[in-house]
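Engineer: Sequence first, predicted coordinates after that:
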2 protein chains.
Amino acid sequence: MTFPVVGMVGGGQLARMTHEAGIPLGIKFKLLSDTPQDSAAQVVSDVVIGDYRDLDTLRAFAQGCDVITFDHEHVPTEHLRALEADGIPVRPGPDALVHAQDKGVMRAKLTEIGVPCPRHRIVRDPADVARFAAEGEGFPVVLKTVRGGYDGKGVWVVRSEAEAAEPFRAGVPVLAEEKVAFTRELAANVVRSPHGQAVSYPVVESVQVDGVCDTVIAPAPGLSEELSARAQQLALKIAKELGVVGHLAVELFETADGRVLVNELAMRPHNSGHWTQDGAITSQFANHVRAVLDLPLGDPRPRAKWAVMANVLGGDYPDMYSAYLHCMARDPGLKIHMYGKDVKPGRKVGHVNTYGDDLADVRERASHAAGYLRGTITE
Amino acid sequence: MTFPVVGMVGGGQLARMTHEAGIPLGIKFKLLSDTPQDSAAQVVSDVVIGDYRDLDTLRAFAQGCDVITFDHEHVPTEHLRALEADGIPVRPGPDALVHAQDKGVMRAKLTEIGVPCPRHRIVRDPADVARFAAEGEGFPVVLKTVRGGYDGKGVWVVRSEAEAAEPFRAGVPVLAEEKVAFTRELAANVVRSPHGQAVSYPVVESVQVDGVCDTVIAPAPGLSEELSARAQQLALKIAKELGVVGHLAVELFETADGRVLVNELAMRPHNSGHWTQDGAITSQFANHVRAVLDLPLGDPRPRAKWAVMANVLGGDYPDMYSAYLHCMARDPGLKIHMYGKDVKPGRKVGHVNTYGDDLADVRERASHAAGYLRGTITE
């Protein structure tokens, strides 16, 4: 057998769905997971339980892997360099991944290569935040710890110098950004291989609720061809210039005056690409696997006029399985993707995908199912 | 957590692909496999290694399972009855499954419920075969051991009484059937739930080479609406009358005079339904899982005008992975499904799916990829 072993660090739902997408390729999948109860650890055969922050654990895990990739961006950069020095291909590599780990490094690099970003700079203290505000349009200002944030955590919108104290308490450098008056959020998803082949998915609209992605619509409704092409070219340029291997999600702000500005980067399969499982010829997960193995990439084109993904958040009611009866009977074309996680209020425990020709219908089906599974819709 | 545990007996590729289809539903999947190297055992987390012919092993495996289903039809009927007596739902149940285990029982039942079959009867010895031939159109006659055959094994086409000795040597009852002068082979795939809900996939053409399925075309080209409807109704009738739960494949002969006759039954996901993974809204594997859990079934309709499945057989060259480069680069829409099996000449080690609007193109892409992976096509 000459089929390679893909080692994935992190046992979350992205690893779970990457495993699912890897099964048809006949590759061997090995998982480093914090606990046996983690989302991916429940469904993968070859699981090592251990702490990804420990270099010896990572080194032992990497033995017998042909390539290492990631469910998340939290593995320390110096550990990734050590694995590379051991001769293990790490994809994306540390020089690329640092741009998804450190928002300060990311902003500096994107600005250097001419990618439009919100006005930004590293700030030292609340007084410096006030100066940053005064240099532009004033408050409110967005403050972000440069490392460790996700899903709205590690991000503050402050309206005064007095409100700006909190972000500095963690002792991590803080990045200030203008609060962009965006009309909506978009995401441009691309996948790039070590060979330099890249594919680009249709640009999507990402609808956020309380700082968490609620719904993704593919393609973004009403997006001009020109802006769509510009967003895709930006994402492809970032992937190339940063040397990304695997899936890259570029979260974007669309502004009323027809600009797109980069908000965040993620170098792994991403929530804004979950619709590709049922709505594209090749899913982001399958293409991520192909990219990290340096195989030719699969066709990223859509299989339906419209596809909608809605996240399923935990509600007050822990039994989501019994809700399957109603959801499946109501909509035989509904695609449910659950992560095997215990239900906690507000926690992402799954998503649903729908697709079809009529956007209003496709969107209603997805929102209804997500709401019914959460328990906020009861009929 | 209220998600059920589906126990699957048998570690072959059907279990592997059922596991893959079950991951998005968040159900727990437990496997009883002969060896840790079996196709499904490589990718499933919760695997018990043991012999399905041993009742104690089955009973221990069934502990903690909410339902038991199968990768194959070889579990002894009396063991299934014992599990049912223990209170474990077995789906399909022994009273249904016996019709897929014993060709004599199957022929008797189908004849009783008015389903058209080839002329047949149980024969005692070669002289009785000669009498059976004389009762109809004469030799050749098809002889089948009533239990234990698959993929052309346990089946003989004999041209004389002298040739008819071999099938009787195993000591298993032998069924004689007329050799039907069919124009092609079709398959009607349906899925039925304990509630009695059933869905029917489009009728497909199955192209056999040397007694093994080579290519499946969905839908069967040029099949009249009337014959398609009749084949689907036959399959739905069989599923209902036999009390099938889960996927039922009805292999059919189409004759020049516009009849369809039942050849074989399989009560599990089936090779003639593999195209549904990429060509239908809900795959046979996903619907099998939904059926055995008594969930509402998913939409069986096609997602493309044409879908083609081609089996990948082992060739002389053991390294199929290196063939991915050419196949994937040539056809970014190709869907590869490999089973993790060691390559042996003639062994089914995977399949490929293609789909699109132009049948000749879709068919060429599938045959090319299957041939290239096998090594019979080198460019």
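Structural biologist: Structure's in. What do you need?

Engineer: Look at the residue of the stretch 251-379 of chain A found nearest chain B and report its pLDDT.
Structural biologist: Among all residues of the stretch 251-379 of chain A, A:Met338 sits closest to chain B, at 3.0 Å; criterion: Cβ to the nearest Cβ. Quick note: C-beta positions are derived from backbone N, CA and C, even for glycine. For A:Met338, the pLDDT comes out at 98.

Engineer: just A:Gly152 next, same as before
Structural biologist: pLDDT, A:Gly152: 62.

Engineer: Which segments of chain A make up each domain?
Structural biologist: Annotated domains of chain A cover A:5-90, A:119-178, A:182-374 [automatic domain parsing].

Engineer: Serialize those domains to TSV and add fields for distance to B:Ser224 and mean neighbour count.
Structural biologist: What follows is the domains of chain A, written out as TSV (distance: least, Cβ to Cβ, whole Å; neighbours: other Cβ atoms under 10 Å in any protein chain shown):
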stretch	distance to B:Ser224	mean neighbour count
domain A:5-90	34	20
domain A:119-178	55	17
domain A:182-374	27	21
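
Engineer: can you put those domains in JSON lines and add distance to B:Asp66?
Structural biologist: As requested, the domains of chain A are exported to JSON lines (distance: least, Cβ to Cβ, whole Å):
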{"stretch": "domain A:5-90", "distance to B:Asp66": "16"}
{"stretch": "domain A:119-178", "distance to B:Asp66": "33"}
{"stretch": "domain A:182-374", "distance to B:Asp66": "11"}
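
Engineer: These: lowest mean pLDDT?
Structural biologist: Lowest mean pLDDT of the domains of chain A: domain A:119-178, a mean of 92.

Engineer: Quick check: bridge partners of the residue of the stretch 251-379 of chain A closest to chain B?
Structural biologist: The bridge-partner assignment for A:Met338, based on DSSP bridges, gives A:Gly350.

Engineer: give me every residue that touches it.
Structural biologist: Residues counted as contacts of A:Met338 (Cβ atoms under 8 Å, 6 or more residues apart in numbering or on different chains) are A:Val312, A:Met320, A:Val349, A:Gly350, B:Phe3, B:Pro24, B:Leu25, B:Gly26.

Engineer: returning to what we had before: wait, which of the domains of chain A is closest to B:Leu297?
Structural biologist: Among the domains of chain A, domain A:182-374 comes nearest to B:Leu297, with 6.9 Å by Cβ to Cβ.

Engineer: roughly how far is the closest one from the heart of the chain?
Structural biologist: 9 Å (Cα atoms, centre = their mean, to the nearest Å).

Engineer: Which residues does stretch A:223-242 contact?
Structural biologist: Residues from elsewhere that reach stretch A:223-242 (Cβ under 8 Å, 6+ apart): A:95-96, A:99, A:109-110, A:113, A:115-116, A:186, A:188-190, A:192, A:196, A:198, A:200, A:202-203, A:205, A:219-220, A:244, A:248, A:250, A:252, A:254, A:258, A:260, A:262, A:265.

Engineer: again, only using 7 Å
Structural biologist: Applying Cβ atoms under 7 Å, 6 or more residues apart in numbering or on different chains, the contact partners of stretch A:223-242 are A:96, A:99, A:109-110, A:113, A:115, A:186, A:188, A:190, A:192, A:198, A:200, A:203, A:248, A:250, A:252, A:258, A:260, A:265.

Engineer: now A:Asp51: how far from A:Arg147?
Structural biologist: Distance of A:Asp51 to A:Arg147, computed by Cβ to Cβ, to the nearest Å: 18 Å.

Engineer: ah, wrong one, I meant A:Gly246
Structural biologist: Distance from A:Gly246 to A:Arg147, counting by Cβ to Cβ: 20 Å.

Engineer: do the same with A:Val212
Structural biologist: Remark: distance between A:Val212 and A:Arg147 (Cβ to Cβ) = 20 Å.

Engineer: What of A:Leu261?
Structural biologist: From A:Leu261 across to A:Arg147, the span is 21 Å (Cβ to Cβ).

Engineer: and if you look at A:Pro269?
Structural biologist: Taken as Cβ to Cβ, the span from A:Pro269 to A:Arg147 is 21 Å.

Engineer: And A:Ala323, by the same measure?
Structural biologist: 37 Å.

Engineer: And A:Asp54, by the same measure?
Structural biologist: To A:Arg147, A:Asp54 is 18 Å away according to Cβ to Cβ.

Engineer: In contact with the residue most central in space within chain A, which residues?
Structural biologist: For chain A, the residue lying nearest the average C-alpha position, counting by Cα atoms, centre = their mean, turns out to be A:His270 (2.8 Å). Going by Cβ under 7 Å, 6+ apart, A:His270 touches A:Asn189, A:His247, A:Ala249.

Engineer: Keep only those of the residues you listed that are in strands.
Structural biologist: Among the contacts of A:His270, the members falling in strands are A:Asn189, A:His247, A:Ala249 (criterion: DSSP state E).

Engineer: what's the second one in contact with, if anything?
Structural biologist: I take that to be A:His247. With contact set as Cβ under 7 Å, 6+ apart, A:His247 has these partners: A:Asn189, A:Val191, A:Arg268, A:Pro269, A:His270, A:Gly273, A:Gln284, A:Asn287, A:His288.

Engineer: got those residues as TSV, with secondary structure columns?
Structural biologist: Listed next are these as TSV, based on DSSP: H, G, I helix; E, B strand; the rest coil:
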residue	secondary structure
A:Asn189	strand
A:Val191	strand
A:Arg268	coil
A:Pro269	coil
A:His270	coil
A:Gly273	helix
A:Gln284	helix
A:Asn287	helix
A:His288	helix
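
Engineer: Look up phi and psi at the residue of the stretch 1-150 of chain A found nearest chain B.
Structural biologist: Nearest residue of the stretch 1-150 of chain A to chain B: A:Gly26, at 3.0 Å (Cβ to the nearest Cβ). With angles defined as degrees, to the nearest 10, A:Gly26 shows backbone torsions of phi 70, psi 10.

Engineer: how about the nearest residue to it, chain neighbours excluded?
Structural biologist: With Cβ to Cβ, 6 or more residues apart in numbering or on different chains as the criterion, A:Gly26 has its nearest non-adjacent residue at 3.0 Å, and that residue is B:Met338.

Engineer: got the residues of the stretch 1-150 of chain A near chain B?
Structural biologist: By the rule Cβ under 7 Å from any Cβ of the partner chain, the part of the stretch 1-150 of chain A lying against chain B is A:1-3, A:16, A:20, A:23-26, A:42-45.

Engineer: cutoff 6 Å now
Structural biologist: Selection of the stretch 1-150 of chain A residues close to chain B by Cβ under 6 Å from any Cβ of the partner chain yields A:Thr2, A:Phe3, A:Glu20, A:Ile23, A:Pro24, A:Gly26, A:Gln42, A:Val43, A:Val44, A:Ser45.

Engineer: okay if I get the residues you listed as TSV plus secondary structure?
Structural biologist: Putting the residues of the stretch 1-150 of chain A next to chain B into TSV (three-state DSSP) gives the following:
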residue	secondary structure
A:Thr2	coil
A:Phe3	coil
A:Glu20	helix
A:Ile23	helix
A:Pro24	helix
A:Gly26	coil
A:Gln42	coil
A:Val43	coil
A:Val44	coil
A:Ser45	coil
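
Engineer: That's all I had, so thanks and see you.
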